[in-house]
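*Asks:* Kindly return the folded structure for what I paste below:
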Amino acid sequence: MLHAIRRTSSNLTLQVVVALCAGAALGVLWPGFAVSLQALSDTFIKLIKMVIPPIAFLTIVIGIAEVSDLKKVGRIGGSALLYFEVASTLALIIGLIVVNLVRPGDGFDRSRVGAVAVDATKYASASADRYMLDLLSNIVPDNAVAAFAKGDLLQIVFFAIAFGCAAVLIGERAKPFVVVAQAANDILFQLVALIMRLAPLGAFGAMAFTVGRYGVGSILVLGHMLLSVYLTCALFVGVVLGAIARAYGFSLFRFIRYIGAEVLVVLGTCSSESVLPRLMTKLQRLGCSKSSVGLVLPVGYSFNADGTAIYLSMASLFIAQAYGIDMSFGQQLGLLLLLLVTSKGSGSVAGSGFVVLAATLSATHVLPVEGLLLIIGIDRFMSEARSVTNIIGNSLATVVVAKMSGEFDPEAAEAAYAEAFGPDVPFQQGRSRRPVAVSAPVDSPAARGDRKAVLTASTWEQRP
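*Replies:* You can find the predicted model right below:
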């Protein structure tokens, strides 16, 4: 009994859940003190960000160098980009459909929102064409050291891919570096394991600050929009991502249980980056090759932000409805095409979805940038939904692309699930089963030809 209690109390998922509840309670009871605890979450995120640049670089370089085949690298990258585009498009379409059906912005009273909360003029110059030009030009860093100093994940990924391809081209001479890089990466992952022991503290501080700063009642005015975003994200995860997972032979909800601790950390901190190193480890243990994990997951942070895509489409039309702007089907289609461009790279932009939303509004020449004032109060709460959706979508994308590229080990997946859930919980779903009759006594119903009894007396055997 004592052993079971100790084992339960040491479970990271349970610790994070307790921390989130405690943080919310503190925010309600002592909001002034709760706001000051933002330093806890900020420090935790800084600790994680401290190790992300070297881990992302070394993981990609090691993955490409071990492949030793640039065609395979291209195959993985091509499969990933195809998947990203399809998933992002579906997320945008679902967001537009839901916001047109529920129309959360109708009858909105703008005077009920504090217009002094944010200065919209500083976002007015963030045009979409300028945003995309900056994004494309900034993929290539001025120098590699600057990319690491800024923590610009997209630039680090670009440099790491180029470095890894060069390592493949020089062949055997690169092996000593790969050995040292692997040792350094192992040390960094051990450091991450130590930092993650502080995850409950970071989640506690983040939740306490959010509730203490904005209050539970502060979101009631915009509750319709907030609820719509959460329900749309849940719909996308359950229906779209669930269907993709089923198509590739595994259960999405069981997969979410597998990465449950990371999902809860993201929910508490609103930072997808905070779990990148641990997700890399978990997905490799699940059977995804190093090359697929190293390429797909970091790139997906910038190019496969499904939750951000939902947020952008819904927030844009919410602002249109709030201002009484009736966008035609053609205008909404144009908005969709614009969002397909502006939503890319959102993970690498300071301010993430909010800045990209400003760029989108500015580019439409129809929607007012001042509409940002209407959602600033609940942006923090919506960021939780989009961050969780992003992390689930990118984790799923890594498994799917690994399967598409032939870089997935099903036996490792079964072993990982057996370790996480027990031997009776398989990773692979959808296998056919056939009954194997058990010999029955002569006077039994089965021996007398009772078909129902035969099936009842049968055992079931799995076969691929």
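*Asks:* Next one: the residue most central in space within the chain from residue 305, what distance?
*Replies:* Centroid check for the chain by CA atoms, centre = their mean gives residue 391 as the closest residue, at 1.1 Å. Using CB to CB, to the nearest Å, residue 391 is found at 10 Å from residue 305. All C-beta spots, glycine's among them, are computed from the backbone N, C-alpha and C.
*Asks:* What of residue 100?
*Replies:* From residue 100 over to residue 305 (counting by CB to CB), the distance is 22 Å.
*Asks:* quick one: average pLDDT of the particular helix or strand that has residue 308 in it?
*Replies:* Element membership for residue 308 (DSSP states H and E) is helix 306-322. Helix 306-322 shows an average pLDDT of 88 in the prediction.
*Asks:* Compute the inter-axis angle for the helix or strand just after it and helix 306-322.
*Replies:* Later in the chain than helix 306-322, the nearest helix or strand by DSSP H and E is helix 329-342. Helix 329-342 runs at 140 degrees relative to helix 306-322, counting by axes from the mean of the first three to the mean of the last three CA atoms, to 10 degrees.
*Asks:* Please renumber the chain so that the first residue is 3 from this point on.
*Replies:* With the count now opening at 3, the last piece we talked about shows up as helix 331-344.
*Asks:* Check which helices and strands helix 331-344 is in contact with.
*Replies:* Helix 331-344 is packed against helix 72-104, helix 130-140, helix 308-324, helix 354-366, with contacts defined by 3 or more CB pairs under 8 Å, 6 or more residues apart in numbering; DSSP states H and E.
*Asks:* Let me know which of those is the nearest to residue 64.
*Replies:* Judged by CB to CB, the one of those that comes nearest to residue 64 is helix 72-104, at 12.6 Å.
*Asks:* That closest one - contacts with which helices or strands?
*Replies:* helix 155-172, helix 225-237, helix 292-305, helix 308-324, helix 331-344, helix 374-406.
*Asks:* would you turn the ones you listed into TSV with distance to residue 425?
*Replies:* Formatted as TSV, the helices and strands packed on helix 72-104 follow (distance: least, CB to CB, whole Å):
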stretch	distance to residue 425
helix 155-172	37
helix 225-237	31
helix 292-305	25
helix 308-324	33
helix 331-344	44
helix 374-406	21
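*Asks:* Select, out of the ones you listed, the one closest to residue 41.
*Replies:* Among those, the nearest to residue 41 by CB to CB is helix 374-406 (16.5 Å).
*Asks:* what angle sits between the closest one and helix 225-237?
*Replies:* Going by the same axes, to 10 degrees, helix 374-406 makes 0 degrees with helix 225-237.
*Asks:* Relative to the whole chain's centre, how far out is helix 374-406?
*Replies:* In this view, helix 374-406 has its centroid 5 Å away from the chain centroid, taken as CA atoms, centre = their mean, to the nearest Å.
*Asks:* for stretch 142-158, same thing?
*Replies:* On CA atoms, centre = their mean, the centre of stretch 142-158 falls 22 Å from the chain's centre.
*Asks:* And stretch 318-326, by the same measure?
*Replies:* So, by CA atoms, centre = their mean, the centroid of stretch 318-326 is 27 Å from its chain's centroid.
*Asks:* contacts for that stretch?
*Replies:* 98, 101-102, 105-108, 110, 112, 227, 328-329, 334, 337, 341, 359, 362-363, 366, 368-370, 373-374, 376-377 (CB atoms under 8 Å, 6 or more residues apart in numbering).
*Asks:* rewinding a little: most tightly surrounded among the helices and strands packed on helix 331-344?
*Replies:* Ranked by mean neighbour count, the helices and strands packed on helix 331-344 are led by helix 308-324 with a mean of 27 (mean count of other CB atoms under 10 Å).
*Asks:* residues in contact with the residue nearest to residue 25 when sequence neighbours are not counted?
*Replies:* In this structure, residue 25 finds its nearest non-sequential neighbour in residue 209, 3.1 Å apart by CB to CB, 6 or more residues apart in numbering. Shown in contact with residue 209 (CB under 8 Å, 6+ apart): 21, 22, 25, 26, 29, 270.
*Asks:* so where's the stretch 3-152 of the chain uncertain?
*Replies:* Scanning the stretch 3-152 of the chain with the threshold set as pLDDT under 70 gives 3-15, 68-72, 109-139.
*Asks:* do the same with the stretch 253-402 of the chain
*Replies:* 273, 343-344, 346-358, 361, 364-365, 367, 375-376, 378-382.
*Asks:* Look up the closest residue to residue 253, ignoring the ones flanking it.
*Replies:* residue 431 (5.3 Å).
*Asks:* list the contacts for that neighbour?
*Replies:* Counting by CB under 8 Å, 6+ apart, the residues that residue 431 touches are 248, 251, 252, 253.
*Asks:* Name all residues that make contact with the third one.
*Replies:* Meaning residue 252. 401, 415, 429, 430, 431.
*Asks:* Using PyMOL, define a selection of the buried residues within these.
*Replies:* The following PyMOL line selects those of these that are buried, judged by 16 or more other CB atoms under 10 Å:
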select buried, resi 401+415+429
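*Asks:* Sitting in helices, which of the contacts of residue 252 do you find?
*Replies:* Mapping the contacts of residue 252 onto helices (DSSP state H) picks out 401, 415.
*Asks:* could you redo the contacts of residue 252 as CSV and give each row distance to residue 286?
*Replies:* Shown next, in CSV, are the contacts of residue 252 (distance: CB to CB, whole Å):
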residue, distance to residue 286
401, 11
415, 11
429, 14
430, 18
431, 21
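*Asks:* Pick out the most distant pair among the contacts of residue 252.
*Replies:* Taking CB to CB, no two of those sit farther apart than 401 and 431, at 12.9 Å.
*Asks:* count of neighbours near residue 277?
*Replies:* By other CB atoms under 10 Å, the residues close to residue 277 number 25.
*Asks:* out of everything not next to it in sequence, what's closest to it?
*Replies:* In space, residue 277 is closest to residue 264, 3.9 Å off (CB to CB, 6+ apart).
*Asks:* Quick one: neighbours of the one you found, just the number.
*Replies:* The local packing of residue 264 (other CB under 10 Å) involves 27 other residues.
*Asks:* measure the residue nearest to residue 253 to residue 415 for me?
*Replies:* 11 Å.
*Asks:* ok so, going back, columns distance to residue 34 on top of the helices and strands packed on helix 331-344, output as JSON lines?
*Replies:* Shown next, in JSON lines, are these (distance: least, CB to CB, whole Å):
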{"stretch": "helix 72-104", "distance to residue 34": "36"}
{"stretch": "helix 130-140", "distance to residue 34": "38"}
{"stretch": "helix 308-324", "distance to residue 34": "30"}
{"stretch": "helix 354-366", "distance to residue 34": "26"}
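*Asks:* out of those, nearest to residue 39?
*Replies:* helix 354-366 (22.5 Å).
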